[in-house]
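sequence unknown, structure follows:
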């Protein structure tokens, strides 16, 4: 499991955990320690945040498309040997970036390279710049969604934050934040 986001329920009875690799949110009951699927997500769920209303906002950095091959879900995650090989390759690339940075070889370039590898820059650059935020209730039902189009100027948003009637959208792939009226 690639846990990428946590949220505690308002009454602290359960913990939600994003499982990015399998496009789902898991619910851990804190008294019984039982785990169940809270919701399937429509793509790679990147962040998870509880709102003041007791709902949950989930950023989908790469929405799934039925007709599109998904390298991670279709080829890497189902196979242990492939997962291990990809992990070793990425770890090796990160080590190269760290070595270059520590030895002052092009420090700004090596830092950018390490960030790019660690944040799967190659994978993100290969798919359309779409973003999606999904709002779930406490039972895992979808309440509403916010999409951008492929042509949109605000792409790849991965997190939503609700504040004073606005939904703020953020992403490590954009150099700005956006907001939309929350209704």
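It's in. Here the structure is a predicted model, which means the values were calculated and not measured. Numbers count the residues shown, from 1 in each chain.

Okay, now the unreliable bits of the chain?
Across the chain, the ranges flagged by pLDDT under 70 are 1-2, 65-79, 83, 87, 94, 97-98, 100-101, 103-129, 149-154.

Which stretches in it count as helices?
Secondary structure of the chain (DSSP state H): helices at 80-102, 107-118, 121-125.

how much space is there between residue 157 and residue 49?
As judged by C-beta to C-beta, to the nearest Å, residue 157 and residue 49 stand 13 Å apart. Yep, even glycine has a C-beta here, placed from its N, CA and C like the rest.

who has more neighbours, those two?
Here residue 157 and residue 49 are compared on neighbour count by other C-beta atoms under 10 Å; more neighbours surround residue 157, at 29 against 17.

Can you tell me how far that one is from residue 90?
Distance from residue 157 to residue 90, counting by C-beta to C-beta: 24 Å.

Nearest spatial neighbour of residue 45, chain-adjacent residues omitted?
residue 18 (4.6 Å; C-beta to C-beta, 6 or more residues apart in numbering).

burial of that neighbour, as a residue count?
Around residue 18 there are 26 other residues, counting by other C-beta under 10 Å.

Enumerate every residue touching it.
By C-beta atoms under 8 Å, 6 or more residues apart in numbering, residue 18 lies in contact with 3-6, 25, 41, 45-48, 58.

Make JSON lines out of those and add neighbour count.
Formatted as JSON lines, these follow (neighbours: other C-beta atoms under 10 Å):
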{"residue": "3", "neighbour count": "12"}
{"residue": "4", "neighbour count": "18"}
{"residue": "5", "neighbour count": "20"}
{"residue": "6", "neighbour count": "14"}
{"residue": "25", "neighbour count": "23"}
{"residue": "41", "neighbour count": "25"}
{"residue": "45", "neighbour count": "28"}
{"residue": "46", "neighbour count": "23"}
{"residue": "47", "neighbour count": "23"}
{"residue": "48", "neighbour count": "22"}
{"residue": "58", "neighbour count": "28"}
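
export those residues to CSV and tack on distance to residue 167?
Rendered in CSV, the data for the contacts of residue 18 read as follows (distance: C-beta to C-beta, whole Å):
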residue, distance to residue 167
3, 24
4, 20
5, 17
6, 20
25, 19
41, 17
45, 17
46, 15
47, 13
48, 15
58, 12
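
Which two of those residues have the greatest separation?
6 and 41 (14.9 Å; C-beta to C-beta).

Now residue 10. Its backbone dihedrals?
Phi and psi for residue 10, reported as degrees, to the nearest 10, are phi -60, psi -30.

Against residue 90, how distant is it?
37 Å.

sorry, back to before: what residues are bridge-paired with the residue nearest to residue 45?
residue 25 (DSSP bridges).
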